[in-house]
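> task: produce atomic coordinates for the following.
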Amino acid sequence: MKVALYARVSRHDKEQTNENQLLKLRAFASARGYEVIAEYSDEASGAAPLRPGLERLVKDAYAHRFAAIVVVRLDRLARSARHLLNMLSDLQAYGVDLICSDQPVDTTSPTGKLLFTMLSAVSEFELELIRERTMDGLERARSQGKRLGRPPKPEMMEKILELQAQGLSLRQIGRQVGLSHQAVKQRLRRARVQKREGNGDVSS
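Okay, the predicted model is just below:
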């Protein structure tokens with residue numbers, strides 16, 4: 001059977017490389033007598049909207065270059081159950097199966113199709129839990145008065161104040177510094193608060 005190999009690692013994961021995954025996939029394919037037609041890889045998070053390697057893989061699947069795609073685990077393709085199931089539906093329409101070396105997923109069999117659906121649901125469930133914990137953490141930080149996000153750059157704040165002194169509107173200032181007028185407004189409000197606190201005025 002002609003197959004394609006796909007590997008993905010996150011840009012932030014310095015302990016893993018695509019080559020490590022590809023070595024495992026090559027050995028897996030060789031042990032089963034598969035003929036490797038092509039290899040594809042990406043360095044990006046699972047949720048990244050643009051993955052050139054995956055886009056080429058799907059395009060070649062549509063062109064019927066191979067009969068199956070082999071990956072280490074489902075999360076190398078995506079972390080969204082909907083994305084995975086939509087991809088499986090597309091691959092089936094192209095006549096291409098999906099096989100995992102480290103998970104019991106092999107859509108060439110009915111059991112493999114069922115396990116794929118179950119594992120996809122678990123993956124989505126785990127992602128929702130992570131998202132929920134993140135939101136809880138952000139809300140807790142806000143309730144404790146912690147400032148979220150990157151601190152504003154001093155040079156940008158100086159530029160905003162300089163432009164405001166020249167009589168420019170919030171929209172005009174935003175266009176010059178690359179921010180929305182709402183972001184400019186928030187920075188000016190924050191600067192006024194900091195100035196009052198610095199002068200010992202804590203009144204609203």
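
> just list what the least confident helix or strand in the chain by mean pLDDT packs against, helices and strands only.
When the helices and strands of the chain are scored by mean pLDDT, DSSP states H and E, helix 110-143 comes last with a mean of 73. If you count contacts as 3 or more C-beta pairs under 8 Å, 6 or more residues apart in numbering; DSSP states H and E, helix 110-143 packs onto helix 81-94. For every residue, glycine as well, the C-beta is placed using N, CA and C.

> which elements pack onto the helix it packs on?
Under the contact definition 3+ C-beta pairs under 8 Å, 6+ apart, helix 81-94 sits against helix 52-62, strand 97-100, helix 110-143.

> now do the least confident helix or strand of the chain: distance to the chain's middle.
Distance, stretch centre to chain centre, for helix 110-143: 14 Å (C-alpha atoms, centre = their mean, to the nearest Å).

> stretch 104-120 too?
On C-alpha atoms, centre = their mean, the centre of stretch 104-120 falls 24 Å from the chain's centre.

> which other residues reach it?
Stretch 104-120 has contacts (C-beta atoms under 8 Å, 6 or more residues apart in numbering) with 68, 74, 81, 84-85, 88, 91-92, 97-100, 103.

> figure out which of the helices and strands packed on helix 81-94 is closest to M157.
M157 lies closest, by C-beta to C-beta, to one member of the helices and strands packed on helix 81-94: helix 110-143, at 22.2 Å.

> tally of neighbours for M157?
By the criterion of other C-beta atoms under 10 Å, M157 has 16 neighbours.

> list the contacts of it.
By C-beta under 8 Å, 6+ apart, M157 lies in contact with R187, A191.

> now it: which helix or strand?
Per DSSP states H and E, M157 falls inside helix 154-165.

> re earlier: return the most buried member of the helices and strands packed on helix 81-94.
strand 97-100 (a mean of 23; mean count of other C-beta atoms under 10 Å).

> show me where pLDDT drops low in the chain?
12-15, 46-49, 79-82, 116, 119-120, 122-127, 145-153, 193-204 (pLDDT under 70).

> I'd say L170 and V184 touch.
Yes: using C-beta atoms under 8 Å, L170 is in contact with V184, at 4.9 Å.

> hmm, back to that, so for R32, which of the helices and strands packed on helix 81-94 sits nearest?
Across the helices and strands packed on helix 81-94, R32 has its closest neighbour in strand 97-100 (8.8 Å, C-beta to C-beta).
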